[in-house]
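In: the sequence and its predicted three-dimensional model are supplied below.
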Amino acid sequence: MYKVVVLNSKGGSGKTTVATNLASYYATRAFRPSLMDLDPQGSSIRWLEVRPQTSARIHGIAAYKRNDRVTKTFQYRVPRGTQRLIVDTPAALDPMRFAEVTRGADAIVVPILPSDIDIHASARVISKLLTAGRIDRRDERLCIVANRVRINTRSYDSLQRFLDSLQIPIVARFRDTQNYVFAAERGLGLFELPQYRVKQDREEWRKLIQWLETRRARHLQAVVQA
């Protein structure tokens, strides 16, 4: 099983958009994904609830719900045969929980919006991931996606300068488009919409997916050689 955690404690950064679209992509490719929602708002689970029954199946785990009758381990259990586990994390997550939330993660995706507030908040998140979260840059588990990007704007230029200052790969830049709203309202992902409508968006998503799958292949090769 390959575990991908989508994390940024700054609210509104697009974590659920990234998590649901990744789960949707893997479902359409028959990778048997599970989508774990740790956010009390339950946005990923609500997305699954409106998902058409005819769509490729995604198993949902409402990990945010409290159930005193079972252990947390039982509540967080992932179905046998799951090949891709996508974890949607809450906003305002205490940095002291970063290590807990990212434990066992093969990859960590941090979406960032192009605004001064989001850039400064995300800088603190990344700093805490590297310290409290005990993430080592050399592990190459951490990547950034720029979200709701509008090229040739001052906010985008500020974001680009910030991202260039980091020694962490920026693997994709998602444009600001209503395609995400259209898909989310229907419980779908971009890869389930007509290609003519989302061709430009799919190109950037493939960059993120390629980074994730290339990293997975390198990890498997290292395990075999060990």
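Out: Sure, I can see it.

In: run through the chain and note the low-pLDDT ranges.
Out: Low-confidence segments of the chain, defined by pLDDT under 70: 70, 219, 222-226.

In: what residue of it is the furthest out?
Out: In the chain, residue 69 marks the outermost C-alpha relative to the chain mean, sitting 29.7 Å out by C-alpha atoms, centre = their mean.

In: against residue 37, how distant is that residue?
Out: Going from residue 69 to residue 37 by C-beta to C-beta, to the nearest Å gives 20 Å. (Each C-beta comes from the backbone N, C-alpha and C, glycine too.)

In: before we move on, what about residue 148?
Out: Distance, residue 148 to residue 37, using C-beta to C-beta: 21 Å.

In: who has more neighbours out of these two?
Out: Set residue 148 next to residue 37 and count neighbours by other C-beta atoms under 10 Å: residue 37 wins out with 27 against 22.

In: show me the contacts for the more buried one.
Out: 43, 44, 45, 60, 61, 62, 63, 64, 88 (C-beta atoms under 8 Å, 6 or more residues apart in numbering).

In: what separates the last one from residue 32, distance-wise?
Out: Yep, that's residue 88 we're talking about. Taking C-beta to C-beta as the measure, residue 88 falls 18 Å from residue 32.

In: ditto for the fifth one
Out: Relative to residue 32, residue 61 is positioned 14 Å away (criterion: C-beta to C-beta).

In: picking up where we left off before, and residue 88 and residue 32? Which one has more around it.
Out: Using other C-beta under 10 Å, the more surrounded residue of residue 88 and residue 32 is residue 88, with 29 against 18.

In: spit out the contact partners of the more buried one.
Out: Here residue 88 is in contact with 6, 15, 16, 19, 20, 35, 36, 37, 38, 39, 43, 44 (C-beta under 8 Å, 6+ apart).

In: columns secondary structure on top of those, output as TSV?
Out: TSV is the format used below for the contacts of residue 88 (DSSP: H, G, I helix; E, B strand; the rest coil):
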residue	secondary structure
6	strand
15	helix
16	helix
19	helix
20	helix
35	strand
36	strand
37	strand
38	coil
39	coil
43	helix
44	helix
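
In: which of those residues sit farthest apart?
Out: Spatially, the most separated pair among the contacts of residue 88 is 20 and 38, at 13.9 Å (C-beta to C-beta).

In: more crowded one of those two?
Out: residue 20 (28 against 21).

In: contacting residues for that one?
Out: Residues near residue 20 by C-beta under 8 Å, 6+ apart: 35, 44, 47, 88, 184, 189.

In: what segments of this structure are helices?
Out: Using DSSP state H, the helices found in the chain span residues 15-28, 43-49, 72-75, 98-101, 116-131, 154-164, 179-184, 195-225.

In: hey, which of those helices is tucked in deepest?
Out: Highest mean neighbour count of the helices of the chain: helix 15-28, a mean of 25 (counted as mean count of other C-beta atoms under 10 Å).
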